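**Student:** Could you look at this predicted model? Sequence included:
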Amino acid sequence: MPYLTSDLIADVKDRAFAPTAQETFDEAAILRIADSKVQSVILPLMQSLRSEHYSTWKDELVVSGVAAYRIPARALGMQLRDVQLVTSSGAVRDLPQIDPEQVTTTTSGEVCAFYMRANRVVLYPTPSASQGGTTLRLHYFLRPGKLVLAIAAAPISVLASATSLTVSSVPSTWTTANTFDFVRAEGASEPLGIDFAASSVSTTLTFTTSVPTDLALLDYVTLAGESPIPTIPAELRPVLAQATAHQMLQSQKLPGADDAMKLLDMEIRAATTLLTPRVQGAPRTIVARHGWL
């Protein structure tokens, strides 16, 4: 069974045993605190492990005369992991980053590097017409979805076709103006697809493009950027629950906050031991960069 936000809330209440804390914070408040702890505790820990848990990419068609391309809006920290060019034949090349002051010409030509300008990747030099069919591949870490109750999402009951699926019910606020994510019910409950547009919203949801092929029954459809399941490895669930409970106790200056902090430190150390290394038997391989593969 998936570890839903209702399970997280129950876990937090068990840990924040003080009645005053439980009376002060309703479910929405607990989830807001949990979201903040994902940002301040879980994500820094996971990123420090360098285990690619949230890594994904977005492809943008390179347009002649257009140099600047936005970082994906859901990129964690508005940061990129890597920038690549993919040719029409499928060859992939890593692009080196340069500083803006190294740009010495505004002429167009074959792209050989990039630099950053605010939240945009700027290709250098500006792509010329000869690069038609080339794709800019932006690798980034996907920001986890905002935690919501399961009633704000819809579990899949039937995979009807390549573009449609059936759910038992949909939230009344959903319309075709929304975009949607697909969240895996098991494992780390990672998004299997993001930002899908729908042409029909009812108990049969029809999308404008094919849904992910690895969707399974009881996976969830959610509004884009939301999740009814904490999108973290199971080993970090105690950490998230304890961090949330500690914040509840500390904010009310209740007895037990110091002990809750000590337990949180223990939970973090235990989780770190369980999560590293992610692949125990495979040595790292060094690959030359910036060349065609």
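**Tutor:** Done, it's in.
**Student:** any idea how far the spatially closest residue to residue 200 that is not a sequence neighbour lies from residue 221?
**Tutor:** Leaving aside its chain neighbours, residue 200 sits nearest to residue 206 (4.0 Å; criterion: CB to CB, 6 or more residues apart in numbering). C-beta here means a position set from N, CA and C on the backbone, and glycine is covered the same way. The spacing between residue 206 and residue 221, counted by CB to CB, to the nearest Å, is 12 Å.
**Student:** These two: who's more crowded?
**Tutor:** residue 221 (24 against 16; other CB atoms under 10 Å).
**Student:** That one falls within a strand, correct?
**Tutor:** Yes. Counting by DSSP: H, G, I helix; E, B strand; the rest coil, residue 221 falls inside a strand.
**Student:** Does it touch residue 185 like I think?
**Tutor:** No. At 11.2 Å, residue 221 does not count as touching residue 185 under the criterion of CB atoms under 8 Å.
**Student:** Now do the shared contacts for those two.
**Tutor:** Counting by CB atoms under 8 Å, 6 or more residues apart in numbering, the shared contacts of residue 221 and residue 185 are residue 155.
**Student:** tell me how far the longest helix seen in the chain is from the chain's mean position?
**Tutor:** Counting residues, the longest helix in the chain under DSSP state H turns out to be helix 257-275. Centre-to-centre, helix 257-275 and its host chain are 24 Å apart (CA atoms, centre = their mean, to the nearest Å).
**Student:** got the contact list for it?
**Tutor:** Contacts for helix 257-275 (CB under 8 Å, 6+ apart): 15-16, 41, 45-46, 49, 51, 233, 235-236, 238-239, 242-243, 245-246, 249-250.
**Student:** That helix: which residues count as buried?
**Tutor:** 257, 260, 263-264, 267-268, 271-272, 275 (16 or more other CB atoms under 10 Å).
**Student:** now do stretch 196-208
**Tutor:** 196, 198, 201, 205-207.
**Student:** would JSON lines of those with distance to residue 103, secondary structure and pLDDT be doable?
**Tutor:** What follows is these, written out as JSON lines (distance: CB to CB, whole Å; DSSP: H, G, I helix; E, B strand; the rest coil; pLDDT from 0 to 100):
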{"residue": "196", "distance to residue 103": "37", "secondary structure": "strand", "pLDDT": "98"}
{"residue": "198", "distance to residue 103": "42", "secondary structure": "strand", "pLDDT": "98"}
{"residue": "201", "distance to residue 103": "46", "secondary structure": "coil", "pLDDT": "97"}
{"residue": "205", "distance to residue 103": "46", "secondary structure": "strand", "pLDDT": "97"}
{"residue": "206", "distance to residue 103": "46", "secondary structure": "strand", "pLDDT": "97"}
{"residue": "207", "distance to residue 103": "41", "secondary structure": "strand", "pLDDT": "98"}
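**Student:** Show me which pair in those residues is furthest apart.
**Tutor:** 196 and 201 (11.5 Å; CB to CB).
**Student:** Report the buried members of the contacts of helix 257-275.
**Tutor:** 15-16, 41, 45-46, 233, 236, 238-239, 242-243, 245-246, 249.
**Student:** of those residues, closest to residue 104?
**Tutor:** Nearest member of the buried ones among the contacts of helix 257-275 to residue 104, counting by CB to CB, is residue 46, at 39.8 Å.
**Student:** Phi, psi for that closest one please.
**Tutor:** Backbone geometry at residue 46, expressed as degrees, to the nearest 10, gives phi -70, psi -40.
**Student:** cool, the one 10 residues further on as well?
**Tutor:** Backbone torsions of residue 56, given as degrees, to the nearest 10, read phi -160, psi -170.
**Student:** Quick check, pLDDT for the closest residue to it other than its chain neighbours.
**Tutor:** Spatial nearest neighbour of residue 56, excluding adjacent residues (CB to CB, 6+ apart): residue 142 at 5.1 Å. pLDDT, residue 142: 96.
**Student:** What count of nearby residues applies to residue 142?
**Tutor:** Using other CB under 10 Å, residue 142 has 20 neighbouring residues.
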